[in-house]
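K.L.:
Predicted model and sequence follow; I will ask about them next.
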Amino acid sequence: MLVRTHTCGQLRESDVGATVRLNGWVNSYRGHGTGLVFIDLRDRYGLTQLVFDGEDLPGDVMETADHLRNEDVVAVEGTVRVRTGGENPKLPTGKIEIEVSRLEVLNKTANPPFLPDDLAKLPNEELRLTHRYIDLRRPKMQKIMQARHRLAKVTRDYFHENGFLEVDTPILYKSTPEGAREFLVPSRNVPGGWYALPQSPQLFKQILMIAGCDRYIQLCRCFRDEDPRADRQAEFTQVDLEMSFVRREQVMEMMEGYIRRLWREMAGIDIPAMSRMTYRDAMERFGIDRPDTRYGLEIADISEIASRSEVAFFKDALARGAERPRFNSKRGVVKAIRVPGGAEKLTRKITDGYNEFARSFGAGGCAVVKVNAQGQFETGVAKFLEGVRGDLTAALGLTPGDTVLFVADEYAVCTKALGELRQKVARDMGVVPPPGAEGGPWNFLFVVDFPMFERNKETGRWVAMHHPFTAPRDDQAQTFVEASVDDEVTIESIVSAGYDIVLNGQEIAGGSIRIHDPKVQSKVFQLLGLTPQQAREKFSFLLEALSFGAPPHGGIAFGLDRLVMNFVGTDNIRDVIAFPKTQTGADLMTRAPSAATDEQLREVHVRSTWTPPAT
């Protein structure tokens, strides 16, 4: 084999006259019928044009060159010369070409199902994933993989410089109730015993802090048996961190430094100081705990004004839970969004759709009014708002041409419905920038002061908003320990020491200060409905470790795949994972998941209860 001396993206004018060897794939073939053949040779570094001149080559070499086709793998030797026919300014190697003297065909390709050319029309994603090895040859995909590698290196460099140790944690894990459904793995050596694949290394990184590791990092694989979607996979990668002897501010300061370093080295952008917003403020203004602050359309609570209107369903909503605290999930509220210019852009058909959209999130619907050129309300519930039109105009800052959207319901339902509706309206109005827009905008935000607990809609039981190991904020700890598990109002008011990092409406990291006091941890388990026996069964090693001198500690985890998505400008997580799964969790290339044989099942003491559907 002619072993390469250079890559296909390396040679320049300064190399003219040199004898070189290149290896790669045939990207394109052009035969001129005059004893000349031009080949663009490709590897992951770029393209170089090859010239086969029949006047100077042996007949067998020219014959072989004339039969080369796209995706054949070849090795060549030749002389670098100035490109004939003019420079190709689109290529870094566009000023030179290789006059080939020797050719070796390393592998002839079968007819490929598609060509890895970014300029060609790509087939559907199913075909691309089935033949992922061809899809990954595309220059765009090669650049994405390079960006992912670069991000991992910058990450390791930054945390190494700040005293972190990279430690591997187990993949075969103990099943623990952390929220998402787990993947289970049967044990051959322990009949009836099961491992779980880790949703995260949460417990192990806490154990590492108790073990004196002090600062831990890992680029770890995590597994959650949830339905995949555009920005989520069942198998994904986290940048996982933990620090000892810290409070919330110190963790956040370290993470802000990481974000700044990452964007500076990956995108050449200096990120300004990151804004902070409380969970309550985010929910009040944007209806979601990961608000996209690149556009307005903020939500306003108009409950007091609505109580003086003639809209019956406003008053019905406000009568619910009136005795409860202002932000209690079951207290009735009326909220609104002002849409500047909506009167022209949002047609009747679109706003009628908003009514059904709001209902899909449990609300009774969405009322609409438009502000005409004279400042009067039109359509929908306009006539029932006439008595408070002036107050609404002042409170919402209304001007002619605006549309106002109203939702009235319990606080939790109303906030959720309008938070989702706000994002839909932004897309309909065309105010959402495309993903990865060059130069931003990059709106980073720390969201803090989350409630520790929320009610599960299906079971009605308390669940941890972050996870069961999140500590209450320092000033809330005593209140939490002393609160009765039946005191719903107090429990709902407890604020955690958690924090999320939000970028342009997506959560890219989440973390918290952890519980290091066994009494607080036991109280959390009690509130989540775990008996002392169940808590010991599930978390005996953690509870025991906490009793042997646990330091205050906290950490965070970034979604590495989502970080890469931002840098390469895609909204599909499958683009940034070399071998992703489909929406149904299938690997089309390897055809996984696949059936196990009866012998394999017997070895792990498992019997399948699945039967094929009747045909």
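P.N.:
The structure has been received and is ready for your questions.
K.L.:
which stretches of this protein aren't confidently modelled?
P.N.:
Residue ranges of the chain with pLDDT under 70: 177-179, 228, 435-440, 615.
K.L.:
Show me which residues of stretch 157-171 are buried.
P.N.:
The neighbour-count check on stretch 157-171 (16 or more other CB atoms under 10 Å) flags 158, 159, 164, 167, 169 as buried. (Glycine included, C-beta is placed from N, CA and C.)
K.L.:
now stretch 396-409
P.N.:
Quick answer for stretch 396-409 (16+ other CB under 10 Å): 396, 398, 401, 402, 403, 404, 405, 406, 407, 408, 409.
K.L.:
can you pull the contacts of the fifth one?
P.N.:
So that's residue 403. Residues counted as contacts of residue 403 (CB atoms under 8 Å, 6 or more residues apart in numbering) are 338, 339, 342, 343, 346, 351, 368, 369, 370, 371.
K.L.:
Which of those sits closest to residue 191?
P.N.:
residue 351 (61.3 Å; CB to CB).
K.L.:
Tell me if that closest one really is in a helix.
P.N.:
Yes. Counting by DSSP: H, G, I helix; E, B strand; the rest coil, residue 351 is part of a helix.
K.L.:
which of the residues in stretch 293-310 are buried?
P.N.:
293-295, 297, 299-303, 305-307, 309.
K.L.:
quick one: the strands in the stretch 351-500 of the chain?
P.N.:
Ranges of strands within the stretch 351-500 of the chain are 367-371, 377-378, 403-410, 444-448, 453-455, 462-464, 498-503, based on DSSP state E, counting those that start in this stretch.
K.L.:
Next, the angle strand 444-448 makes with the last one.
P.N.:
Following axes from the mean of the first three to the mean of the last three CA atoms, to 10 degrees, one obtains 160 degrees for the angle between strand 498-503 and strand 444-448.
K.L.:
angle of the helix or strand just after strand 498-503 against strand 498-503?
P.N.:
Going down the chain from strand 498-503, the next helix or strand is strand 506-513, by DSSP states H and E. Using the same axes, to 10 degrees, the inter-axis angle of strand 506-513 relative to strand 498-503 is 160 degrees.
K.L.:
for strand 506-513, packing partners?
P.N.:
Contacts defined by 3 or more CB pairs under 8 Å, 6 or more residues apart in numbering; DSSP states H and E place strand 506-513 against helix 248-267, strand 498-503, strand 553-559, helix 560-568.
K.L.:
Can you add distance to residue 287 and give the ones you listed back as CSV?
P.N.:
Compiled in CSV, the helices and strands packed on strand 506-513 are given as follows (distance: least, CB to CB, whole Å):
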stretch, distance to residue 287
helix 248-267, 24
strand 498-503, 14
strand 553-559, 22
helix 560-568, 21
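K.L.:
right, so of the ones you listed, which gets closest to residue 612?
P.N.:
Of all those, helix 560-568 comes closest under CB to CB, at 34.7 Å.
K.L.:
now the closest one, how far from the centre of its chain.
P.N.:
Centroid separation for helix 560-568 versus its chain: 7 Å, with CA atoms, centre = their mean, to the nearest Å.
K.L.:
same question, stretch 519-534
P.N.:
Per CA atoms, centre = their mean, the centroid offset for stretch 519-534 relative to its chain is 32 Å.
K.L.:
what's in contact with it?
P.N.:
If you take CB under 8 Å, 6+ apart as the criterion, stretch 519-534 is touched by 177, 452-453, 461-464, 468-469, 471-472, 477, 480-481, 485, 491, 515, 535, 538-539, 542-543, 546.
K.L.:
just stretch 582-602 next, same as before
P.N.:
With contacts defined as CB under 8 Å, 6+ apart, stretch 582-602 is touched by 126, 129-133, 227-229, 234, 579, 581, 607-608.
K.L.:
number of nearby residues for residue 458?
P.N.:
By other CB atoms under 10 Å, 6 other residues sit near residue 458.
K.L.:
let me fix that: residue 140
P.N.:
By other CB under 10 Å, neighbour count at residue 140 equals 13.
K.L.:
What are the neighbouring residues in contact with it?
P.N.:
Going by CB under 8 Å, 6+ apart, residue 140 touches residue 118.
K.L.:
ok so, going back, which of the strands of the stretch 351-500 of the chain is buried the deepest?
P.N.:
Most buried of the strands of the stretch 351-500 of the chain, by mean neighbour count (mean count of other CB atoms under 10 Å): strand 403-410, with a mean of 26.
K.L.:
roughly how far out does that one sit from the chain middle?
P.N.:
30 Å.
K.L.:
tell me the angle it makes with strand 367-371.
P.N.:
Note on geometry: by the same axes, to 10 degrees, strand 403-410 and strand 367-371 are set 150 degrees apart in direction.
K.L.:
Strand 403-410 pairs with which strands, parallel or anti?
P.N.:
According to DSSP bridges, strand 403-410 forms sheet pairs with strand 332-339 (antiparallel), strand 367-371 (antiparallel).
K.L.:
So for residue 559, which of those sits nearest?
P.N.:
Within those, the stretch nearest residue 559 is strand 332-339; the backing value is 29.0 Å (CB to CB).
K.L.:
Need the contact partners of the closest one.
P.N.:
287, 297-303, 306, 314, 316-322, 346, 392, 396-398, 402-411, 414-415, 418, 421-422, 425, 429.
K.L.:
same question, stretch 378-387
P.N.:
So stretch 378-387 is contacted by 308-312, 348, 367-372, 376-377, 392, 406 (CB under 8 Å, 6+ apart).
K.L.:
Using neighbour counts, trim the contacts of stretch 519-534 to the buried set.
P.N.:
Neighbour-count burial (16+ other CB under 10 Å) applied to the contacts of stretch 519-534 gives 177, 452-453, 462-464, 468-469, 471-472, 477, 480, 491, 515, 535, 538-539, 542-543, 546.
K.L.:
For residue 195, which residues count as its bridge partners?
P.N.:
Here residue 195, judged by DSSP bridges, has bridge partners residue 185.
K.L.:
Next up, the contacts around it.
P.N.:
So residue 195 contacts 172, 173, 174, 175, 184, 185, 186, 187 (CB under 8 Å, 6+ apart).
K.L.:
let's see 10 Å
P.N.:
By CB atoms under 10 Å, 6 or more residues apart in numbering, the residues touching residue 195 are 170, 171, 172, 173, 174, 175, 182, 183, 184, 185, 186, 187.
K.L.:
do you know how far the second one is from residue 553?
P.N.:
This means residue 171. Residue 171 sits 23 Å away from residue 553, going by CB to CB, to the nearest Å.
K.L.:
What of residue 607?
P.N.:
From residue 607 to residue 553 the distance is 43 Å (CB to CB).
K.L.:
Give me the more crowded residue out of the two.
P.N.:
A direct count of neighbours by other CB under 10 Å for residue 607 and residue 553 places residue 553 higher, at 25 against 7.
K.L.:
Looking at the strands of the stretch 351-500 of the chain, which is nearest to residue 52?
P.N.:
Across the strands of the stretch 351-500 of the chain, the minimum distance to residue 52, taken as CB to CB, is reached by strand 498-503, at 50.1 Å.
K.L.:
Hey, what's the angle from the closest one to helix 248-267? Just curious.
P.N.:
20 degrees.
K.L.:
For stretch 240-259, what is the distance to the chain centroid?
P.N.:
From the chain centre to the centre of stretch 240-259 is a distance of 21 Å (CA atoms, centre = their mean).
K.L.:
Would you indicate which residues of that stretch are buried?
P.N.:
Neighbour count says stretch 240-259 has 240-244, 246, 248, 251-252, 254-256, 258-259 buried, by 16+ other CB under 10 Å.
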